[in-house]
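Participant: below is the structure, and that's it, no one-letter string:
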């Protein structure tokens, strides 16, 4: 997987205000962005999981913790996602 970099500006000392290291804050921001973009239907669960740096199953579990519905897909996308997941299981 190739990656690109996005830089964001934040106030000095912000990581102290949220009681996180810079690495923890980066991971948290990536997770929050993935959750919100998924919730808004901007990206698939697979892409959201990739952005968050976790498996799709872990992402779905995280959705539950943050009360993000995993059923916000248009019908045709649900069917396509399920077919892909079934193919993965069959080939495992």
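Facilitator: Thanks, I have the structure now. Note that the structure is a prediction, hence the values are computed from the model and not measured.
Participant: neighbours of residue 63, how many?
Facilitator: 21 (other CB atoms under 10 Å). Where C-beta positions appear, they are placed from N, C-alpha and C, glycine not excepted.
Participant: what pLDDT is listed against the spatially closest residue to residue 54 that is not a sequence neighbour?
Facilitator: Once flanking residues are discounted, residue 54 sits nearest to residue 62: 7.1 Å by CB to CB, 6 or more residues apart in numbering. Predicted confidence (pLDDT) for residue 62: 97.
Participant: residue 62 is in contact with residue 53, isn't it?
Facilitator: No - between residue 62 and residue 53 there is no contact under CB atoms under 8 Å: 11.0 Å.
Participant: neighbour-wise, which of the two wins?
Facilitator: Legend: neighbour count by other CB under 10 Å for residue 62 and residue 53, higher for residue 62 (17 against 13).
Participant: now the more buried one: how far from residue 31?
Facilitator: Separation of residue 62 from residue 31 (CB to CB, to the nearest Å) stands at 7 Å.
Participant: distance between the ends of stretch 44-63?
Facilitator: 13 Å (CA to CA, to the nearest Å).
Participant: so what touches that stretch?
Facilitator: 1, 27, 30-31, 33-35, 37-38, 43, 69-70, 77, 81, 84-85 (CB atoms under 8 Å, 6 or more residues apart in numbering).
Participant: which of these are buried?
Facilitator: Buried members of these, counted by 16 or more other CB atoms under 10 Å: 30, 31, 33, 34, 35, 38, 43, 70, 81.
Participant: remind me what the strand or helix carrying the fifth one packs against, helices and strands.
Facilitator: In this case it means residue 35. Per DSSP states H and E, residue 35 falls inside helix 22-39. In terms of contacts (3 or more CB pairs under 8 Å, 6 or more residues apart in numbering; DSSP states H and E), helix 22-39 is packed against helix 14-17, helix 45-52, helix 56-65.
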